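Undergrad: Provided below are the primary sequence and the corresponding predicted coordinates.
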Amino acid sequence: MKKLLLPLLLLAVAPAFAQLPALHAAPEKNDDTVVLTLPDEGRVAWQRAAGVLAARGYTFRYSDADLLTISTDYIELESYDIIGLFVRVEGNRLLLRGRWLVNSTDAGNGEAVSLGGFLSSSASKWAELEAVARELGGTAAYYNSAAR
């Protein structure tokens, strides 16, 4: 009986990251998510993310030490783009996404930050997402969440 329960328990606790689409090492045009594999995990990785975001001038709209998530308020970048970030930690992997507003009076949730194409206006927004990822360290992989 114990031999049957162990595989079932392992399946029940499989991380949500196992549900991610195929990750790739270099970002592609429609990618909107950076997944970092970090040397730290859990709460240590979450605290690291909080420290990096705070040092970059972000304030927290929502932060949960139990769920290991952070959502920032929107800030205006030097390029006048308005961006907010979302972080979720699971194990030693950190998921990082950005949202941007067309203008400061936009009350909606914004648009997902993606790499974009050649004529895209997302260069500075994607650059900010990549800068945060570099400061967090670890190995980066990318995918398109389709969360527009």
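TA: In hand now; what should we look at?
Undergrad: from now on I want contacts and neighbour counts done on CA atoms only, so please keep to that.
TA: OK.
Undergrad: help me confirm that residue 129 is found in a helix?
TA: Yes - assessed with DSSP: H, G, I helix; E, B strand; the rest coil, residue 129 lies in a helix.
Undergrad: tally of neighbours for it?
TA: By the measure other Cα atoms under 10 Å, the count of residues near residue 129 is 23.
Undergrad: in what helix or strand does the nearest residue to it once chain neighbours are set aside lie?
TA: If the residues on either side of it in the chain are set aside, residue 129 comes closest to residue 98, at 6.7 Å by Cα to Cα, 6 or more residues apart in numbering. Secondary structure assigned from DSSP states H and E places residue 98 in strand 93-101.
Undergrad: same check on residue 88?
TA: Counting by DSSP H and E, residue 88 is part of strand 82-90.
Undergrad: who are the packing partners of that strand?
TA: Judged by 3 or more Cα pairs under 8 Å, 6 or more residues apart in numbering; DSSP states H and E, the packing partners of strand 82-90 are helix 42-55, strand 69-72, strand 75-76, strand 93-101.
Undergrad: give me the pLDDT value at the closest residue to residue 41 other than its chain neighbours.
TA: Among residues not flanking residue 41 along the chain, residue 92 sits closest, at 3.9 Å (Cα to Cα, 6+ apart). Note on residue 92: pLDDT of 94.
Undergrad: which residues does residue 92 contact?
TA: Neighbour list for residue 92: 37-42, 45 [criterion: Cα atoms under 8 Å, 6 or more residues apart in numbering].
Undergrad: contact partners for the closest residue to residue 114 other than its chain neighbours?
TA: Distance criterion Cα to Cα, 6+ apart; nearest residue to residue 114, sequence neighbours excluded, is residue 32 at 4.2 Å. Counting by Cα under 8 Å, 6+ apart, residue 32 touches 97-98, 112-115, 142-146.
Undergrad: pop out the phi and psi values for residue 32.
TA: Phi and psi for residue 32, reported as degrees, to the nearest 10, are phi -130, psi 10.
Undergrad: residue 65 versus that one, what's the distance?
TA: Distance, residue 32 to residue 65, by Cα to Cα, to the nearest Å: 24 Å.
Undergrad: do the same with residue 36
TA: Relative to residue 65, residue 36 is positioned 19 Å away (Cα to Cα).
Undergrad: which of these two has more residues huddled nearby?
TA: Ranked by neighbour count (other Cα under 10 Å), residue 36 and residue 65 place residue 36 first, with 21 against 12.
Undergrad: perfect, that will be all.
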